[in-house]
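Trainee: Sequence plus the predicted model coming up.
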Amino acid sequence: MTIWLPDITDRRGPKYLAISDALADDIREGNIQSGDRLPTHRDLAYHLGVTVGTVSRAYAEAERRGLTYGEVGRGTFAKANDEWRGIYANNDTAFFKKEPSESNTVDFGLNMPAAGERAAVLSETLTELARSPYLDDFLSYQTEGGMAPHRAAIAKWLAQYHLADNPAQIVISNGAQHALTIVLMAMTNPGDLVATEAYTYPAIHGLTQQLGLKITGLEMDDLGIVPAAFERLCQTRPPKILYCLPTLQNPTTAVMPDERRQEIAAIALHYNVLIMDDDVYGYLVPDAPQPISVYAPKNSFFISSASKFLAPGLRVGFIHCPLQYVDQIRTCLQLTSWMAPPLMCEVERRWLEDGTADRFIDWHRQEAKARQKIAKKALAGADFKTHPSSYHLWLKMPEHWRAENFVARVAEEGVTVLPSSSFAIGNTGTEEAVRVCLGSPSSKEKVEAGLTILARALEETQKTPGVFI
């Protein structure tokens, strides 16, 4: 095993990115050779004073960049060659190039949809676009939160969710995470309080830190946020914004029933709390209740993204805003990125209008159900929460396992999952569990192989962290 201990003391930004950046620098400078085995997740976490989940995210990012490869049962190895170093030396963005690999790692860490036929369909759409007489229009600056036809297509499509079909209320962003960023920028001031579920999408914690906001987690049960907990908070210190994922909650997969959505909306209206209603996974549930935004339209921001149901690389998200806040949201959009790429928005418009999006959604629902069936069989006897058409599940640890130690154990066999601590807000989350994302592996066979390793590890006795050598 290579004695590699990166110095991340002076590196800014999230620690997992600091670790992967340090690895990239050491590979470029020749301090690490191709094929060198890297420290285990547990050992590196111990020596850097970070969580195992942070190292798991760092190694997953490094593999995405093409810096590493993994072998089930052996570990993680550096990937470098003279050609790669030459490209890197002349182009700082070259580390994003991922070379073809026979890696047999199984990444359950990224919550992303399965690929399907999107590349073939995109090829056809781009061929059609190349012949469009309006192609130059998609290469110009936009100032209205998106081109009018693009906003109209999104508004019409959102009407199925019982949201107002009004293009003036649509602002198009560079994905859902960007949408969350600009809503927080536009609607809060430093020191304001943001309330979330006790376990939630990890980026929201980083965003609130960067913007100087306070954050608190609310008690949850199997149906999502407990309304009484939300009201107690509002009575003592009303938050400026409530951020929640009512459908297939990330990470617990909870689906909030309609009655509770109405109750949450009523509390928010009574105490004048704004709502960020994140629905990026809602497309997977055909009979999902109406969005919370339907019950509080004047103070809710409904957020979704083509990244999940069409393709992550499109980077097209959208916000359905109350009319009185649209100008503020557009201003923050322009401050952060000026606009979402019109060419990608045109791809989305065509797919929304010609039925391609509906076909993709149907395929994702069936693929998710197939992967869930594999999970049900492979994890028989384990304690986990999920939904029949979810791309992720919430696997609870038996008494003899701590989540972070379990993450380190399965990482030794090339399987990546994230511990509950990665999603916990403050001290509100105390559950020992891991999130398992079924959409990321390239095939159902890899899903089964990875889940088999998880199931076997659950039966093992927890080991004491090893000595780093």
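Mentor: Everything's here; your move.

Trainee: ok, and for the strand or helix carrying residue 204, which residues are buried?
Mentor: For residue 204, the host element (DSSP states H and E) is helix 203-210. By neighbour count with 16 or more other Cβ atoms under 10 Å, helix 203-210 contains the buried residues 204, 205, 207, 208. For every residue, glycine as well, the C-beta is placed using N, CA and C.

Trainee: Of those, which pair is most distant in space?
Mentor: Spatial extent of the buried residues of helix 203-210 (Cβ to Cβ) is set by the pair 205 and 207 at 7.3 Å.

Trainee: so where's the stretch 51-200 of the chain uncertain?
Mentor: In the predicted model, the stretch 51-200 of the chain carries pLDDT under 70 at residues 71-74, 80-104.

Trainee: can you list the buried residues of helix 203-210 in JSON lines and add distance to residue 259?
Mentor: What follows is the buried residues of helix 203-210, written out as JSON lines (distance: Cβ to Cβ, whole Å):
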{"residue": "204", "distance to residue 259": "26"}
{"residue": "205", "distance to residue 259": "29"}
{"residue": "207", "distance to residue 259": "30"}
{"residue": "208", "distance to residue 259": "29"}
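
Trainee: Out of the residues you listed, flag the one nearest to residue 216.
Mentor: Nearest to residue 216 out of these is residue 208 (Cβ to Cβ; 10.0 Å).

Trainee: And the residue nearest the centre of this structure?
Mentor: In the chain, the residue lying closest to the centroid (Cα atoms, centre = their mean) is residue 111, at 5.4 Å.

Trainee: That one - nearest residue in space that isn't next to it in sequence?
Mentor: Once flanking residues are discounted, residue 111 sits nearest to residue 437: 4.5 Å by Cβ to Cβ, 6 or more residues apart in numbering.

Trainee: just the buried residues of helix 203-210: which has the poorest pLDDT?
Mentor: Among the buried residues of helix 203-210, residue 205 carries the lowest pLDDT, at 89.

Trainee: how near is the residue nearest to residue 176 when sequence neighbours are not counted to residue 317?
Mentor: Using Cβ to Cβ, 6+ apart and skipping the chain neighbours, the partner closest in space to residue 176 is residue 305 (3.7 Å). Applying Cβ to Cβ, to the nearest Å, the value for residue 305 to residue 317 is 4 Å.

Trainee: Return every residue with contacts to both of these two.
Mentor: 175, 176, 179 (Cβ atoms under 8 Å, 6 or more residues apart in numbering).

Trainee: Rebuild the residues you listed as TSV, extending it with neighbour count and distance to residue 338.
Mentor: Converted to TSV, those look like this (neighbours: other Cβ atoms under 10 Å; distance: Cβ to Cβ, whole Å):
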residue	neighbour count	distance to residue 338
175	21	15
176	24	18
179	27	15
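
Trainee: in terms of contact, does the residue nearest to residue 111 touch residue 395 like I think?
Mentor: No - at 11.0 Å, residue 437 does not count as touching residue 395 under the criterion of Cβ atoms under 8 Å.

Trainee: Can you pull the phi and psi angles for residue 233?
Mentor: For residue 233, the backbone dihedrals (degrees, to the nearest 10) come out as phi -60, psi -40.

Trainee: For it, grab the count of nearby residues.
Mentor: Neighbour count of residue 233, defined by other Cβ atoms under 10 Å: 20.

Trainee: I'd like the distance from the helix holding residue 204 to the chain centre, please.
Mentor: How far helix 203-210 lies from its chain's middle: 13 Å, per Cα atoms, centre = their mean, to the nearest Å.

Trainee: helices or strands next to that helix in the packing?
Mentor: For helix 203-210, the elements it packs on are helix 176-187, strand 193-197, strand 214-218, judged by 3 or more Cβ pairs under 8 Å, 6 or more residues apart in numbering; DSSP states H and E.

Trainee: So what are the sheet partners of the helix or strand where residue 276 lies and their directions?
Mentor: Taking DSSP H and E as the criterion, residue 276 maps to strand 274-278. Applying DSSP bridges to the sheet, strand 274-278 is found paired with strand 241-244 (parallel), strand 300-305 (parallel).

Trainee: Could you point out the helix or strand that follows the last one?
Mentor: Which is strand 300-305. Assignment by DSSP H and E places the next element after strand 300-305 at helix 306-309.

Trainee: got a list of contacts for the helix or strand following that next one?
Mentor: Beyond helix 306-309 on the C-terminal side, the first helix or strand identified by DSSP H and E is strand 317-320. Under the criterion Cβ under 8 Å, 6+ apart, residues 146, 154-155, 158, 163-164, 169-179, 182-183, 293, 301-307, 329, 340 lie in contact with strand 317-320.

Trainee: tell me the contacts of residue 230?
Mentor: Shown in contact with residue 230 (Cβ under 8 Å, 6+ apart): 195, 218, 242, 264, 267, 268.

Trainee: mind giving me a markdown table with those and columns for distance to residue 134 and neighbour count?
Mentor: Below are the contacts of residue 230 laid out as a markdown table (distance: Cβ to Cβ, whole Å; neighbours: other Cβ atoms under 10 Å):
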| residue | distance to residue 134 | neighbour count |
| --- | --- | --- |
| 195 | 44 | 26 |
| 218 | 47 | 24 |
| 242 | 41 | 30 |
| 264 | 43 | 27 |
| 267 | 47 | 21 |
| 268 | 42 | 25 |
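
Trainee: helices or strands next to the lengthiest helix in the chain in the packing?
Mentor: Secondary structure of the chain per DSSP state H: the longest helix is helix 356-378. If you count contacts as 3+ Cβ pairs under 8 Å, 6+ apart, helix 356-378 packs onto helix 118-130, helix 306-309, helix 342-354, helix 444-458.

Trainee: can you do 6 Å?
Mentor: Helices and strands touching helix 356-378, by 3 or more Cβ pairs under 6 Å, 6 or more residues apart in numbering; DSSP states H and E, are helix 444-458.

Trainee: Now do the helix it packs on against helix 356-378, angle only.
Mentor: If you take axes from the mean of the first three to the mean of the last three Cα atoms, to 10 degrees, helix 444-458 sits at 40 degrees to helix 356-378.

Trainee: mind listing what's buried in helix 444-458?
Mentor: By 16+ other Cβ under 10 Å, the buried positions in helix 444-458 come out as 446, 447, 448, 449, 450, 451, 452, 453, 454, 455, 457, 458.

Trainee: what about the residue lying farthest from the centre of the chain, distance to residue 342?
Mentor: Largest separation from the mean C-alpha position in the chain: residue 133, at 36.5 Å (Cα atoms, centre = their mean). Computed as Cβ to Cβ, the residue 133 to residue 342 distance reads 15 Å.

Trainee: Likewise for residue 131?
Mentor: 17 Å.

Trainee: Which residue of these two possesses the greater neighbour count?
Mentor: Remark: of residue 131 and residue 342, residue 342 carries more neighbours, 19 against 7, as counted by other Cβ under 10 Å.
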